[in-house]
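J.: 3D model of this:
(chains A and B)
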Amino acid sequence: AQSVTQLDSQVPVFEEAPVELRCNYSSSVSVYLFWYVQYPNQGLQLLLKYLSGSTLVKGINGFEAEFNKSQTSFHLRKPSVHISDTAEYFCAVRPNTGGFKTIFGAGTRLFVKA
Amino acid sequence: EAGVTQFPSHSVIEKGQTVTLRCDPISGHDNLYWYRRVMGKEIKFLLHFVKESKQDESGMPNNRFLAERTGGTYSTLKVQPAELEDSGVYFCASSQVLAGAVDTQYFGPGTRLTVL
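T.: Residues are numbered from 1 along each chain as shown, chains lettered A, B, ... in the order given. Below you'll find the predicted structure:
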């Protein structure tokens, strides 16, 4: 079985400041890792994913995440946030042994203030 | 290209009533998923269709929930009778699997269900 823990439910940050949204996971098998973003009144949108290879993954809108297998973490970072990054962010995993069931964390609300 | 659409966007019903949620996936997507998010908690998997067949329904809470995907196009999720704890946001997602690749799931905006 898998589980995902997003360590912060809310993260307030000023515009142009850096941000890190933390995600830890637990799994008895190897997994693929994902970050999704949900803007108000919209569906979830894929930001980035880690399947294999380089542990630093770059996504859309200037976001990146680093997979750390020993710490079972997949933290999301952006060096300089904009007001438009205000949204809810979800970390998710899926076993890479086949199957399509995705396990999500509880989400982190990012508030970017002017 | 149209994205995943869900109807209705909101539904408020009384305990014991029936509600049917609809999802229209992206055209050509064989995979269709239902998820639910209750009260700001994690998004939980409900079930997965491949075309019209249920591939995995391990996340369905109980037999008050019935999902169908006749003809392998749109899907419906019926809750009958609804209970208070069924309140939440129901998301639908679709994807197309390409050989040797990990599919990207495209999500709809969700249906917010409130059971009073």
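J.: Work out for me the element A:A65 sits within.
T.: strand A:64-68 (DSSP states H and E).
J.: Show residues contacting the helix or strand that that strand is followed by.
T.: Per DSSP H and E, strand A:64-68 leads on to strand A:73-78 as the next helix or strand towards the C-terminus. The contact list for strand A:73-78, computed with CB atoms under 8 Å, 6 or more residues apart in numbering or on different chains, reads A:18-25, A:33, A:35, A:47-48, A:50, A:61-68, A:85, A:89, A:91. Bear in mind the C-beta positions are built from the backbone N, C-alpha and C, glycine included.
J.: Going through these, which ones are buried?
T.: A:19, A:21-25, A:33, A:35, A:47-48, A:50, A:63-65, A:67, A:85, A:89, A:91 (16 or more other CB atoms under 10 Å in any protein chain shown).
J.: that older thread, direction included, what does the strand holding A:A65 pair up with?
T.: strand A:56-58 (antiparallel), strand A:73-78 (antiparallel) (DSSP bridges).
J.: just how off-centre is the longest one within its chain?
T.: Relative to the mean C-alpha coordinate of its chain, strand A:73-78 is positioned 6 Å out (CA atoms, centre = their mean, to the nearest Å).
J.: Send me it as CSV with only the CA atoms.
T.: Below are the C-alpha coordinates for strand A:73-78, written out as CSV (Å, rounded to 0.1, in the frame of the first residue of the first chain):
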residue,chain,number,x,y,z
SER,A,73,10.5,12.7,-0.5
PHE,A,74,9.5,14.7,-3.6
HIS,A,75,9.5,18.4,-2.6
LEU,A,76,8.3,21.0,-5.0
ARG,A,77,10.2,24.3,-5.4
LYS,A,78,10.0,27.6,-7.3
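J.: Please work out the average pLDDT along it.
T.: The average pLDDT within strand A:73-78 is 97.
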